[in-house]
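J.: Sequence first, then the predicted structure:
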Amino acid sequence: MYSKYVRKIIHIDMDAFFAAVEQRNHPEYRGKPLVVGGRPDSRGVVSTCSYEARKFGIHSAMPSAQAYKLCPHAIFVCDHNFSDYKEVSDQIREIFFQYTDLVEPLSLDEAYLDVTENKMGNPSATLIAQEIRAKIKEKTRLTASAGVSYNKFIAKIASDYHKPDGITVVTPPEAVDFISKLPIRKFWGVGKVTEKRMITMGIKTGADLQKFELYELIELFGKSGPYFYDAARGIDNRTVEPSHIRKSIGRETTLKVDITDMDEIYRILKEIADDIENTMERYKALASTVTLKVKFHDFISVTRSHTVEYPVNKSGEIMNHIWNLVSKTEAGSKPLRLLGISLSGLSGKGFSEYDPQLKLPFEESLDKDF
């Protein structure tokens, strides 16, 4: 079921991150339902909401208009300062690196840490997680939850188990029992459609999933079958990857109203291209492929791509290719609700010099000093 070579993985997840930063910065928001995201009179969505807002059924990715209907008296923060979130993210990552260089950020507010061997020489991943949470609170005045286990799958689920401001430790001997009690929707890759299908098959929890043999899960779920089989048994051999090769850089925007005016389309695309140029400059990157994305009023999405002869990273260069791609769509005659640009085939500093550090197994007893 599990190897005697046990890794010690921590998953740290900040609690209601964007909303918590806003409540920290604005005392008048504290204790009140707060939504960070799009305006309630727009097509925007909820990015994050406070725990007070969640009591009304509001959650991330929900249309802001729906969130307003659920809680009209909620505070909507729409003109937030992203630099505040980035500053806090940098602060918590500095804390992570005090313990290990094996840090895999998943977003601004969460990351995996491999502390099997760590800079403090502390054999207890649990104590390290407690120290990290305490330092985050002291440094940022924000709370974080942590999951501690021997692999990434269980650590991530565990970090959500006692939110907010909680810690959950799952040792190898406890894993199968822990997983057996999980609702099936907690498994990665189980969305609404798959969850509904599984429930019709009588698969409601990890325990139900554990009853199936590998060949049965492959027959039922194809390529996802082996994943479900392993996950149900607490098997996840993925390592914490301290570096990733970024595959693309892009941005898209949902428009407040559908548009057909070509001058307005150009203005919005130019604004996106300017923003991408700043990001490309930060990464010292060049791109070989330019892609346009448009979504029309009927929700039909279209992408058009062009591989360039000479790599680009400047707004003007990007727009030269994008405007040509626009002409290959129905933009201008068919109302648009979304515009986006992405650059791929990235090269330059940070992209060609990827050198992942090798991870070696370390022999530990199954639950000693976990």
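T.: Nice, I can see it.
J.: where's residue 272, which helix or strand?
T.: Remark: residue 272 resides in helix 262-283, with elements defined by DSSP states H and E.
J.: Toward the C-terminus, what is the element adjacent to that helix?
T.: Note on helix 262-283: by DSSP H and E, the next helix or strand toward the C-terminus is strand 285-296.
J.: So what are the sheet partners of that next one and their directions?
T.: Strand 285-296 pairs in its sheet with strand 301-312 (antiparallel), strand 336-348 (antiparallel), by DSSP bridges.
J.: still on that earlier bit, can you give me how far the helix holding residue 272 is from the chain middle?
T.: Distance of helix 262-283 from its chain centroid, counting by Cα atoms, centre = their mean, to the nearest Å, is 24 Å.
J.: what helices or strands is it leaning on?
T.: Helix 262-283 is packed against strand 248-259, strand 285-296, helix 315-326, strand 336-348, with contacts defined by 3 or more Cβ pairs under 8 Å, 6 or more residues apart in numbering; DSSP states H and E. In short, each C-beta sits where N, CA and C put it, glycine included.
J.: could you check the angle strand 248-259 makes with it?
T.: 160 degrees (axes from the mean of the first three to the mean of the last three Cα atoms, to 10 degrees).
J.: which sections of this protein are below the confidence cut-off?
T.: Scanning the chain with the threshold set as pLDDT under 70 gives 1-5, 243-246, 349-369.
J.: Swap in 50 and give it another go.
T.: The model of the chain has pLDDT under 50 over residues 1-3, 352-366.
J.: domains for it, by residue range?
T.: With domains defined by automatic domain parsing, the chain comprises 1-170, 176-232, 248-348.
J.: Ok, which of those domains comes nearest residue 241?
T.: Residue 241 lies closest to domain 1-170 among the domains of the chain, at 5.0 Å (Cβ to Cβ).
J.: residue contacts, the residue of the chain positioned farthest from its centre?
T.: Most distant residue from the mean C-alpha position of the chain: residue 333, 35.8 Å away (Cα atoms, centre = their mean). Applying Cβ atoms under 8 Å, 6 or more residues apart in numbering, one finds that residue 333 lies in contact with residue 260.
J.: Tell me how far it lies from residue 261.
T.: 11 Å (Cβ to Cβ, to the nearest Å).
J.: cool, and residue 316?
T.: Distance, residue 316 to residue 261, by Cβ to Cβ: 22 Å.
J.: what does residue 98 give?
T.: From residue 98 to residue 261 the distance is 53 Å (Cβ to Cβ).
J.: between those two, who's got more neighbours?
T.: Legend: neighbour count by other Cβ atoms under 10 Å for residue 98 and residue 261, higher for residue 98 (13 against 10).
J.: Does the residue nearest to that one when sequence neighbours are not counted belong to a helix, a strand or coil?
T.: Nearest in space to residue 98, with sequence neighbours left out and distances taken as Cβ to Cβ, 6 or more residues apart in numbering, is residue 119 at 6.7 Å. Three-state assignment for residue 119 (DSSP: H, G, I helix; E, B strand; the rest coil): coil.
J.: Touching, residue 119 and residue 100? I think so.
T.: Yes - at 6.4 Å, residue 119 counts as touching residue 100 under the criterion of Cβ atoms under 8 Å.
J.: Counting neighbours, go ahead and name the busier of the two.
T.: For the pair residue 119 and residue 100, the greater number of neighbours falls to residue 100 (20 against 11), based on other Cβ under 10 Å.
J.: Can you name the helix or strand that that one falls in?
T.: Residue-wise, residue 100 maps onto no helix or strand under DSSP H and E.
J.: Was I right to think it contacts residue 121?
T.: No - taking contacts as Cβ under 8 Å, residue 100 lies outside contact range of residue 121: 11.4 Å.
J.: From the rest of the structure, what touches stretch 78-92?
T.: In contact with stretch 78-92 (Cβ under 8 Å, 6+ apart) are residues 12, 14, 17-18, 21-22, 25, 36-39, 44, 108-109, 136, 139-140, 142, 144.
J.: try 10 Å this time
T.: Outside stretch 78-92, the residues that touch it by Cβ atoms under 10 Å, 6 or more residues apart in numbering are 12, 14, 17-22, 24-25, 35-42, 44, 47-48, 64, 105, 107-111, 132, 135-136, 139-142, 144.
J.: sorry, back to before: and the helices and strands packed on helix 262-283 as JSON lines, adding distance to residue 238?
T.: Converted to JSON lines, those look like this (distance: least, Cβ to Cβ, whole Å):
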{"stretch": "strand 248-259", "distance to residue 238": "22"}
{"stretch": "strand 285-296", "distance to residue 238": "26"}
{"stretch": "helix 315-326", "distance to residue 238": "35"}
{"stretch": "strand 336-348", "distance to residue 238": "24"}
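J.: Switch the ones you listed over to CSV; also include mean neighbour count and distance to residue 277.
T.: Below are those laid out as CSV (neighbours: other Cβ atoms under 10 Å; distance: least, Cβ to Cβ, whole Å):
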stretch, mean neighbour count, distance to residue 277
strand 248-259, 15, 10
strand 285-296, 20, 11
helix 315-326, 19, 4
strand 336-348, 19, 10
